[in-house]
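S.K.: Structure of the sequence below:
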Amino acid sequence: GAVRAATEASYFAPAPTVVFGPGDLADDAGAVAHAEREYVRVREVEAAAETIERAVSEVLGEK
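M.R.: This is a model prediction of the structure:
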């Protein structure tokens, strides 16, 4: 489905761009992103860190 969010990533075109979000935009209790109760699950932060580490290693030729 459609994601109801915005990013400035298009300003970097045509450079390859990856967007990492804030976790859940909303949940059963309502808005999460930019709300007082905003949160990101630890496993999501760890997954993002691993993805960035792999990407940087590949760019630097450190596979």
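
S.K.: I'd like the average pLDDT over stretch 46-63.
M.R.: For stretch 46-63, the mean pLDDT works out to 90.

S.K.: Not counting its own residues, what contacts that stretch?
M.R.: Here stretch 46-63 makes contact (C-beta atoms under 8 Å, 6 or more residues apart in numbering) with Val18, Phe20. (C-beta placed from N, C-alpha, C; glycine too.)

S.K.: Do a quick rundown of the strands in this structure.
M.R.: 26-27, 30-31 (DSSP state E).

S.K.: Identify the residues contacting the most centrally placed residue in the chain.
M.R.: When C-alpha atoms, centre = their mean is applied to the chain, the residue found nearest the centroid is Phe20 (1.2 Å). Contacts for Phe20 (C-beta under 8 Å, 6+ apart) come out as Ala48.

S.K.: pLDDT at it, what is it?
M.R.: On the pLDDT scale, Phe20 is placed at 78.

S.K.: Please apply the same query to the one 3 residues further on.
M.R.: The model reports Gly23 with a pLDDT of 75.

S.K.: swap in Pro14?
M.R.: Per-residue confidence (pLDDT) for Pro14: 89.

S.K.: Ok, Ala2 next?
M.R.: 58.

S.K.: What are the phi and psi values at the residue nearest to the centre of the chain?
M.R.: Main-chain torsions, Phe20, degrees, to the nearest 10: phi -110, psi 130.

S.K.: Give me the buried positions along stretch 16-33.
M.R.: Going by neighbour count (16 or more other C-beta atoms under 10 Å), the buried part of stretch 16-33 is Val32.

S.K.: Okay, now that stretch: how far is its last residue from its first?
M.R.: 25 Å (C-alpha to C-alpha, to the nearest Å).

S.K.: And for stretch 9-17?
M.R.: With C-alpha to C-alpha as the measure, stretch 9-17 spans 6 Å from end to end.

S.K.: ok, now stretch 21-30?
M.R.: From its first residue to its last, stretch 21-30 covers 17 Å (C-alpha to C-alpha).
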